[in-house]
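Peer 1: need a structure here:
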Amino acid sequence: MAELTQPMTQSQFLQLQDELDQRLLACAMGQETDDTDLRIAELHSLLDDAPWTLVPGEGCILKTQWDALFAASAAK
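Peer 2: Prediction:
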């Protein structure tokens, strides 16, 4: 599995998310290839380890920003 040596940029995160979405769509359409499962697992791992997250209504934000938003919302 590829390891990132520098922090992932938002652009890189969105590119990986787009690739994951496309591969999942291909699976749903029955268009898997031999490496589909392995690549999907790799993409999930990379996205889980990224400092970014997708939040409905907020878009692509740093996980630390999401933690702060969630904490503020829970404190109300």
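
Peer 1: output the below-cut-off pLDDT ranges for the chain.
Peer 2: The chain contains residues with pLDDT under 70 at 1-5.

Peer 1: quick one: residues contacting residue 32.
Peer 2: For residue 32, the contacting residues are residue 26, by CB atoms under 8 Å, 6 or more residues apart in numbering. To be clear about C-beta, it is placed using only N, CA and C from the backbone, and glycine gets the same treatment.

Peer 1: what sits up against the helix or strand hosting residue 25?
Peer 2: Per DSSP states H and E, residue 25 falls inside helix 10-28. Helix 10-28 is contacted by residues 32-33, 36, 39-40, 43-44, 46-47, 50, 52, 54, 60 when judged by CB under 8 Å, 6+ apart.

Peer 1: now those: which count as buried?
Peer 2: For these, a burial check counting by 16 or more other CB atoms under 10 Å picks out 40, 43, 46, 47, 50, 52.

Peer 1: so where does the residue nearest the centre of the chain fall, helix or strand?
Peer 2: Centroid-nearest residue in the chain, with CA atoms, centre = their mean: residue 47, separated by 3.6 Å. Taking DSSP H and E as the criterion, residue 47 maps to helix 36-49.

Peer 1: quick one: that helix to helix 10-28, angle?
Peer 2: Here the directions of helix 36-49 and helix 10-28 differ by 150 degrees (axes from the mean of the first three to the mean of the last three CA atoms, to 10 degrees).

Peer 1: just checking, residue 53 is part of a strand?
Peer 2: Yes: if the criterion is DSSP: H, G, I helix; E, B strand; the rest coil, then residue 53 is within a strand.

Peer 1: so who does it touch?
Peer 2: Applying CB under 8 Å, 6+ apart, the residues contacting residue 53 are 60, 61, 62, 63, 66.

Peer 1: write the PyMOL selection for whichever of those residues are buried.
Peer 2: Under the burial definition 16+ other CB under 10 Å, those of these that qualify are selected in PyMOL by:
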select buried, resi 61
